[in-house]
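[1] Pasting the sequence and the predicted coordinates here, then a few questions.
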Amino acid sequence: MIYKDRVKQGNLRNAYDVIIIPNQGRTSKDLVYEMAPKAQPIDYKSSPQFKSLGMYGQTDDIAGGMGLAGVGELQKFAASGGVLMTLGTASFFPPDFGLTRDIEATRTSATFYAPGPIINAVITQPANPIFYGYANSQVPVRFANGPLLRLPAEDRSEILMQYPGGDANVLSGFMKGAAEIKDRPAIVDVPVEKGSIILFAGNPCYRWQNYGEFNMLFNAVMNYDHLATPASPKSADVASR
């Protein structure tokens with residue numbers, strides 16, 4: 001666990017190799033600012049009456065979020081060699097706040113509707129450690145209403161997996177407007193100086209419903225220091241056993 005006050009303290013790279021921001025918030029502003037400050041601070045601390053409060057993550061005020069100061073510290077964390085990962089709707093955060101400057105994150109149209117269907121995704125960088133143990137280039141994933149990502153043509157090599165889109169690639173459930181996600185990135189690994197920011201447009205650990213995706217997240221965490229240099233197919237095969 002990492003909390004907003006710790007993020008604002010800085011020196012994150014001295015304490016963490018990987019920071020994961022899970023699927024949360026309707027907008028990236030919700031993630032950064034959370035609930036608005038009230039007239040009086042609302043603390044979260046242990047006391048004689050509530051001894052268990054604040055055992056981890058004490059704060060003088062639960063409102064306000066990490067703010068722009070926290071955004072800056074996460075940028076420093078990645079730049080100094082850390083790996084920042086965002087899942088689902090949290091992946092609006094890096095593009096919206098300039099951490100991944102060349103990536104555009106937009107929402108689907110008002111007519112698009114996808115209440116968690118299972119769809120096809122295509123692995124475009126199979127040698128990347130994130131895909132250790134995945135034998136096929138096409139895998140079923142759960143669509144989680146994350147951002148529609150777009151990269152400049154010269155940065156397409158940063159795309160690790162993408163959605164082919166279209167009705168034919170909806171395997172289970174319902175998706176209205178499936179053409180909107182055609183060839184949109186599902187996972188992107190963006191180098192940031194010494195580190196990187198990995199955006200999952202979907203949520204690879206949604207309860208138990210997309211168990212087949214869990215290893216993508218586990219692989220990314222366990223191989224955080226090898227993501228920038230994809231392994232050869234031979235070494236990937238050995239690592240998957």
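    Nice, thanks for sending it over. It should be emphasised that the depicted structure is a prediction, and the values quoted were computed from it without experimental measurement.
[2] which stretches of this structure have low pLDDT?
    Under the criterion pLDDT under 70, the flagged ranges of the chain are 228-241.
[3] Go again with 80.
    Under the criterion pLDDT under 80, the flagged ranges of the chain are 54-57, 209, 228-241.
[4] Could you pull out the helices in it for me?
    4-9, 28-33, 67-79, 93-96, 214-222, 233-239 (DSSP state H).
[5] mind checking how far Ala155 is from Met161?
    If you look again at residue 155, you'll see it is Asp, not Ala. Distance, Asp155 to Met161, by Cβ to Cβ, to the nearest Å: 15 Å. To be clear about C-beta, it is placed using only N, CA and C from the backbone, and glycine gets the same treatment.
[6] got it, and Leu53?
    On the measure of Cβ to Cβ, Leu53 and Met161 end up 41 Å apart.
[7] Neighbour count: the two, which is higher?
    Just comparing Leu53 and Met161: by other Cβ atoms under 10 Å the higher neighbour count belongs to Met161, 26 against 13.
[8] what's near enough to touch that one?
    121-125, 131, 139, 185-187 (Cβ atoms under 8 Å, 6 or more residues apart in numbering).
[9] out of those, which one sits closest to Ile198?
    Closest to Ile198 out of the contacts of Met161 is Ile187 (6.9 Å), distances taken as Cβ to Cβ.
[10] Okay, and the beta partners of the closest one?
    Met161, Phe200 (DSSP bridges).
[11] Distance-wise, check the residue lying farthest from the centre of the chain relative to Ile42.
    Distance from the C-alpha centroid of the chain, by Cα atoms, centre = their mean, peaks at Pro48 (38.7 Å). Counting by Cβ to Cβ, the separation of Pro48 from Ile42 is 19 Å.
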